[in-house]
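# Coordinates for the following, if possible.
(one chain, ligands or ions: 1)
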Amino acid sequence: MASLSSLCSSSPSIKSQTSITKPLVILRKDSVTFPTRFSKTPSLVQTQSVAREISADLSNTNDVVPKKAKNGLEKDPRELWKRYVDWLYQHKELGLYLDVSRVGFTDEFVEEMEPRFQSAFKAMEELEKGAIANPDEGRMVGHYWLRKPELAPNSFLKSQIETTLDAVRKFADEVVSGKIKPPSSPEGRFTSILSVGIGGSALGPQFVAEALAPDNPPLKIRFIDNTDPAGIDHQIAQLGPELASTIVVVISKSGGTPETRNGLLEVQKAFREAGLEFAKQGVAITQENSLLDNTARIEGWLARFPMFDWVGGRTSEMSAVGLLPAALQGIDVREMLAGASLMDEANRTTVLRNNPAALLALCWYWASDGVGSKDMVVLPYKDSLLLFSRYLQQLVMESLGKEFDLDGNRVNQGLTVYGNKGSTDQHAYIQQLREGVHNFFATFIEVLRDRPPGHDWELEPGVTCGDYLFGMLQGTRSALYANDRESVTVTVQEVTPRSVGALVALYERAVGIYASLVNINAYHQPGVEAGKKAAGEVLALQKRVLAVLNEASCKEPVEPLTIDEVAERCHTPEDIEMIYKIIAHMAANDRALIAEGSCGSPRSIKVYLGECNVDGLYA
Ligand SMILES: O=P(O)(O)OC[C@H]1O[C@H](O)[C@H](O)[C@@H](O)[C@@H]1O
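A predicted model of the protein is given here:
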């Protein structure tokens, strides 16, 4: 009798999706309904393409000095330099630059967009004043208040922000200084943080840890951001005896996300097995009275910090979610907040070319035709910013990827984000970016300071290692542009808490402005619920399958069942494929046994449970 796990070395064949995806993409582009606001002036996208066509014609008639490339991109070096200087945005205090010269928007386009930007600025102003900017959930959107509490619409919210910030800093100081000690080692200090959370409750802290944690932080951080048992085991195994001096920070706005709950239960089990008392080392960051909050309160965890209803997960980096892990790692959170606040201030101007977030939104709109027709490839040329693109993926895609606009029109909006880091990607996928399918625009993140002062050396005459990185960035930017691939470059002096805070704030606002331009709600995520609901249904079905198998397996002799029989006895014949997958998964984990058949032909399988549960607890 072979177990299904040994027979199921490969999953059942799934038809290639290529043939399905392609027409879908084309359909999506053709079937885009523009937001009603746009319908009144439907010429924007047309203007853009017409401009490109005219430019193409011009370049065709001017073979000697082609002033414009086929798509309208300026190619004359002097004109390009002029465009660079004219459009260069600089934030002096932050030492941050934004270069949009390699995006080919025209003056006419900017002019035509101007009223929409003014509406977007107005919407942002209202949002900051406490308007219900997330109408579908009836919520205010207040992440900008976190770095300037006096902006909060009332004194209660202001004091909530301030009190939480004080509590975060005090707790972190006391842990780092050793005033709060691990219970099993009154002489010692906490040495590690195990952060349990997912999505917006993980991506910001992960990005910031990678970007800013010192080489020898007071507490090292690890993450459990999934319900993958092997991944969880790995983190716990890596901690080993250090579990005794680990603070476990469980982060979940809702307090009920299954992956996070599972991570918590797994960690609590590890604590029990190590003879440690979890509550003395557990910290919860969640909304008041959530399931997690109540658990932490009842069990008497070491500390609890609030998340606010009006801060979304993907914009929570400047709340306790991001600040507590950062402070515990010795990162200056005041500086992060200061950087974000300075950037917010700059983004409040209603003069488009002086507003960096609006400039980004303009570039996104131009490059992707305002419908996400091109992807945004984010290339930070600095290893410590590796996770920026992953962080932006949620911020941008969960915010902008929406089926309906605010007026209920089906728009299927979005902007795809991916990326890793330069120059590493030069040796991976830049080949396709330069020469292959033209479905993207790039964002280069440049960091001017290569190393701390006094550490640099020339590895060949006149050239440092950092010069190579610089050269690779500039070379790739030029090479892409030469082949009509547009790009934006964001430059910071150094990766510091201040510049990272500014980057986070820059992209948060760009997303907000862009969402206004395309008339969508950036602050809800209805599409995520569908997958969560379906996952819940799968687990409910699994319980029914177990009950059916259990009953048959408790018979004398055991009655192995076919997949069809299981489906029939579950009274859900329509779920037969899912039932097969459930059984295959259980068999791979030795929780179901195969009496007959093989995985390649699911109908031949006969299955039963190795152990009969006489209490029939599965029903
Ligand atoms: O913080 P939590 O409530 O646990 O939510 C974690 C994540 O859950 C969902 O996937 C949402 O779409 C995300 O926006 C959120 O960040």
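
# Most proximal residue of the stretch 301-450 of the chain with respect to the ligand?
G313 (2.8 Å; Cβ to the nearest ligand atom). Placement of C-beta: from N, CA and C, glycine included.

# I'd say that residue and S201 touch.
Yes. Using Cβ atoms under 8 Å, G313 makes contact with S201 at a distance of 5.7 Å.

# can you tell me the helix or strand for F441?
strand 440-447 (DSSP states H and E).

# Please list the residues outside that strand that contact it.
Here strand 440-447 makes contact (Cβ atoms under 8 Å, 6 or more residues apart in numbering) with 103, 363, 367-368, 374-382, 385, 388, 419, 422, 433, 470, 473, 476-477, 480, 485-495, 503.

# partners of that strand, with directions?
The partner list of strand 440-447 in its sheet, established with DSSP bridges, is strand 375-380 (parallel), strand 487-492 (parallel).

# Quickly check: the next helix or strand after the first one near the ligand or not.
Beyond strand 375-380 on the C-terminal side, the first helix or strand identified by DSSP H and E is helix 388-392. No. Contact between helix 388-392 and the ligand is absent, the nearest approach being 11.7 Å (criterion: Cβ under 6 Å from any ligand atom).

# what mean pLDDT would you report for helix 388-392?
Helix 388-392 carries an average pLDDT of 98.

# roughly how far out does it sit from the chain middle?
Here helix 388-392 is found 6 Å from its chain centre; the criterion is Cα atoms, centre = their mean, to the nearest Å.

# can you offset everything so residue one is 731?
Sure, I'll start counting at 731 from here, so that last one is helix 1118-1122.

# what sits up against the helix or strand just after that helix?
Downstream of helix 1118-1122, the first helix or strand assigned by DSSP H and E is helix 1129-1130. Outside helix 1129-1130, the residues that touch it by Cβ under 8 Å, 6+ apart are R1044, G1102, Q1143, G1144, L1145, V1241, Y1244, A1245, V1248, I1250, A1252, Y1253.

# I'd like to know which of the strands paired with strand 1170-1177 is closest to L924.
strand 1105-1110 (26.6 Å; Cβ to Cβ).

# Now do the closest one: distance to the chain's middle.
With Cα atoms, centre = their mean, you get 13 Å for strand 1105-1110.

# For the residue nearest the centre of the chain, give me its contacts.
Computing the C-alpha centroid of the chain and ranking residues by Cα atoms, centre = their mean puts Q1124 first, at 2.5 Å. Contact partners of Q1124, counting by Cβ under 8 Å, 6+ apart, are G929, G930, L933, R1044.

# Am I right that the last one is in contact with G1131?
No. Taking Cβ under 8 Å as the definition, R1044 is not a contact partner of G1131, at 11.8 Å.

# Looking at the two, which one has more neighbours?
R1044 (26 against 18; other Cβ atoms under 10 Å).

# and I1324, that's in a strand?
Yes. Under DSSP: H, G, I helix; E, B strand; the rest coil, I1324 sits within a strand.

# quick one on the thing from earlier: deepest of the strands paired with strand 1170-1177, which one?
Highest mean neighbour count among the strands paired with strand 1170-1177 (mean count of other Cβ atoms under 10 Å): strand 1105-1110, with a mean of 25.

# Three-state assignment for the residue of the stretch 1231-1349 of the chain found nearest the ligand, please.
For the stretch 1231-1349 of the chain and the ligand, the shortest gap (Cβ to the nearest ligand atom) falls at V1258, measuring 3.7 Å. Secondary structure, three-state DSSP: V1258 is helix.

# about what we covered before: moving C-terminal from the strand holding F1171, which element do we reach first?
Taking DSSP H and E, what comes next after strand 1170-1177 is strand 1188-1190.

# Report how many residues lie close to the nearest residue to A1004 once chain neighbours are set aside.
Of all residues not flanking A1004 in the chain, L973 sits nearest, at 5.4 Å (Cβ to Cβ, 6 or more residues apart in numbering). By other Cβ under 10 Å, 22 other residues sit near L973.

# Please apply the same query to Y1348.
What Y1348 shows, counting by other Cβ under 10 Å, is a neighbour count of 16.

# what sits against the residue of the stretch 1031-1180 of the chain closest to the ligand?
G929, G930, S931, K983, V1051.

# change it to 10 Å
927-934, 981-984, 987, 1037, 1049, 1051, 1124, 1128, 1255 (Cβ atoms under 10 Å, 6 or more residues apart in numbering).

# how near is it to M1037?
8 Å (Cβ to Cβ, to the nearest Å).
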